[in-house]
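In: Got a predicted model here, sequence first, then my questions.
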Amino acid sequence: MAQLIRTDIRHISDAANNADSFRVLRGRVSALKIALDARFMPYLELAGFGSIALIRSSDLRFDLLSALVERWRPETHTFHFPCGECTVTLKDVAVQLGLPIDGSPVTGVSSFTNPAAVCYQLLGESPEDAIASEGELMCAARAYIMHMIGAALMLDANGDIVHLSYLPLLVDFSTARSYSWGSAILAMLYRELCRATEPQVKDIGGCLILLQS
């Protein structure tokens, strides 16, 4: 395994023996800030997001997460410990988050000619009364899934945003369940872990509740 480790790139572990230079990474959020309406649950469960919707908050320990990052090796996508190697797997995603890990890849267009029209068509307005129509509830459920993606599942370390490319995948909730959301979440976590091993990086994104669990 030693021959797989590159010594020509900077890694945060290079400063591990310097007690004065321990870096504590920052993250944007540690909880879903929008209350879950029980009327959304049938649609969330149909789309495969029912289990993760029940996780309301998490006490993220960024000092411990930062220590984990020091053990991450981008060359192998594993944590290197004195006792051996381990990593986060798709099985962890399925067990800890209850998200689908089989099916079509989560892909989409990176730009839209009229993003406002896409948002209006698929999100509409949030229902505020008890007699909201089914169409309004479906729009609100899509908005809540987008909130979960941006606030907990695929955190963007650079800003409080979620890419619009996920929204068209939620047009039909039963079809949304056929996508391997777990694979996309794990891939982004790997990417963020690799990025965070660079000494100059101060923030980390990705699914931190999965990493800490």
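Out: Now that the structure is in, tell me what you want to look at.

In: Grab the nearest non-local neighbour of residue 101.
Out: Closest residue to residue 101 in three dimensions, ignoring its sequence neighbours and counting by C-beta to C-beta, 6 or more residues apart in numbering: residue 182, at 3.7 Å. C-beta coordinates here come from the backbone N, C-alpha and C atoms, glycine included.

In: just residue 53 next, same as before
Out: Nearest non-adjacent residue to residue 53 (C-beta to C-beta, 6+ apart): residue 44, at 4.9 Å.

In: packing partners for the helix or strand containing the one you found?
Out: Here residue 44 is covered by helix 41-47, with elements defined by DSSP states H and E. If contacts are counted by 3 or more C-beta pairs under 8 Å, 6 or more residues apart in numbering; DSSP states H and E, helix 41-47 sits against helix 50-53, helix 134-148, helix 173-176.

In: got the buried residues for the worst-scoring helix or strand of the chain on mean pLDDT?
Out: Taking mean pLDDT, DSSP states H and E as the measure, the helices and strands of the chain show their lowest mean at helix 115-123, namely a mean of 80. When burial is assessed from 16 or more other C-beta atoms under 10 Å, helix 115-123 yields the following buried residues: 118, 119, 122, 123.

In: That helix vs helix 134-148, what angle?
Out: Between the axis of helix 115-123 and that of helix 134-148 there is an angle of 120 degrees, by axes from the mean of the first three to the mean of the last three C-alpha atoms, to 10 degrees.

In: got the contact list for helix 115-123?
Out: Among residues not part of helix 115-123, those counted as contacts by C-beta atoms under 8 Å, 6 or more residues apart in numbering are 112, 139, 142, 143, 146, 164, 167, 168, 170, 171.

In: so which of the helices and strands packed on helix 41-47 gets nearest residue 105?
Out: Ranking those by distance to residue 105, with C-beta to C-beta as the measure, places helix 173-176 first at 13.3 Å.

In: returning to what we had before: any quick ChimeraX command for the buried ones out of the contacts of helix 115-123?
Out: A single ChimeraX command selects the buried members of the contacts of helix 115-123 (16+ other C-beta under 10 Å):
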select :139,142,143,146,164,167,170
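
In: buried ones in the helix holding residue 44?
Out: By neighbour count, and taking 16+ other C-beta under 10 Å as the criterion, the buried residues in helix 41-47 are 41, 43, 44, 45, 46, 47.

In: Pick out the most distant pair among these.
Out: 41 and 47 (10.7 Å).

In: what stretches of this protein score poorly on pLDDT?
Out: Counting by pLDDT under 70, the chain contains low-confidence ranges at 1-8, 16-21, 28-33, 57, 125-130, 159.

In: What are the boundaries of the strands in it?
Out: With DSSP state E, the ranges of strands along the chain come out as 72-73, 78-81, 84-86.

In: Return stretch 178-191 as PDB; C-alpha atoms alone will do.
Out: Provided in PDB are the C-alpha atoms of stretch 178-191 (Å, rounded to 0.1, in the frame of the first residue of the first chain):
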ATOM      1  CA  SER A 178     -35.200   4.800  -9.100                       C
ATOM      2  CA  TYR A 179     -32.100   7.000  -9.000                       C
ATOM      3  CA  SER A 180     -29.100   6.100  -6.900                       C
ATOM      4  CA  TRP A 181     -29.100   9.100  -4.700                       C
ATOM      5  CA  GLY A 182     -26.900   7.300  -2.300                       C
ATOM      6  CA  SER A 183     -24.100   6.900  -4.900                       C
ATOM      7  CA  ALA A 184     -24.200  10.700  -5.700                       C
ATOM      8  CA  ILE A 185     -24.100  11.600  -2.000                       C
ATOM      9  CA  LEU A 186     -21.100   9.200  -1.400                       C
ATOM     10  CA  ALA A 187     -19.300  10.500  -4.400                       C
ATOM     11  CA  MET A 188     -19.600  14.100  -3.200                       C
ATOM     12  CA  LEU A 189     -18.500  13.200   0.300                       C
ATOM     13  CA  TYR A 190     -15.400  11.500  -1.200                       C
ATOM     14  CA  ARG A 191     -14.700  14.600  -3.300                       C
END
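
In: Having no further points to raise, I will conclude here.
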